[in-house]
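Asker: Test case, fold it:
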Amino acid sequence: MFGDLHKISSLSHSYSLEGEDRIALSLLRSIIEGHDSLFYVDIGCNNPTTGNNTKLFYDLGKRGLCIDPIPSLQSIYKEKRPKDNFFLGAVGPERPIEFFIFEDNTASSADIEQ
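Answerer: Reported below is the predicted structural model:
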């Protein structure tokens with residue numbers, strides 16, 4: 001596992017929109033190197049590869065729970081990240097919510113004003 005961490009961390013590629021996965025990898029490096037069974041929770045995970053904050057950790061052999069309210073993502077996660085658990089739903093204080101799904105689903109929201 002240690003070799004995989006060095007291989008991936010030496011790449012300049014990021015799956016996140018703004019490199020958040022690389023920043024998290026840098027900050028968590030000592031924790032990741034010492035634990036084979038690290039678990040992540042990705043709320044509002046959206047696409048399993050593009051613009052994703054946990055794909056880099058998945059490539060490192062880590063596994064987690066990915067939560068998103070967009071139904072079409074469930075089958076994509078099952079295909080692209082079969083070792084992760086996908087939960088179809090939203091996280092928030094109010095129930096029920098109305099969720100607005102747009103063509104660019106990264107802009108989808110429970111707040112129509114945004």
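Asker: What does the pLDDT read for the residue nearest the centre of the chain?
Answerer: By Cα atoms, centre = their mean, the chain has its centre lying nearest to Thr54, at 3.7 Å. On the pLDDT scale, Thr54 is placed at 95.
Asker: Now the phi/psi pair for it, please.
Answerer: phi -120, psi 0 (degrees, to the nearest 10).
Asker: same thing with Tyr40?
Answerer: phi -120, psi 160.
Asker: what's the burial count for it?
Answerer: 17 (other Cβ atoms under 10 Å). From N, CA and C alone the C-beta is placed, and that goes for glycine too.
Asker: now do Leu56
Answerer: Count around Leu56 with other Cβ under 10 Å applied: 21.
Asker: so it sits right up against Gly19, yeah?
Answerer: No: under the criterion of Cβ atoms under 8 Å, Leu56 is not in contact with Gly19, lying 10.1 Å apart.
Asker: returning to that earlier point: chain neighbours aside, what residue packs nearest to the residue nearest to the centre of the chain?
Answerer: Asp42 (4.5 Å; Cβ to Cβ, 6 or more residues apart in numbering).
Asker: Confirm that the one you found lies within a strand, as I assumed.
Answerer: Yes: according to DSSP: H, G, I helix; E, B strand; the rest coil, Asp42 belongs to a strand.
Asker: What residue, apart from its backbone neighbours, is nearest Arg22 spatially?
Answerer: In space, Arg22 is closest to Ser14, 4.9 Å off (Cβ to Cβ, 6+ apart).
Asker: Enumerate every residue touching that neighbour.
Answerer: For Ser14, the contacting residues are Glu20, Asp21, Arg22, Leu56, by Cβ atoms under 8 Å, 6 or more residues apart in numbering.
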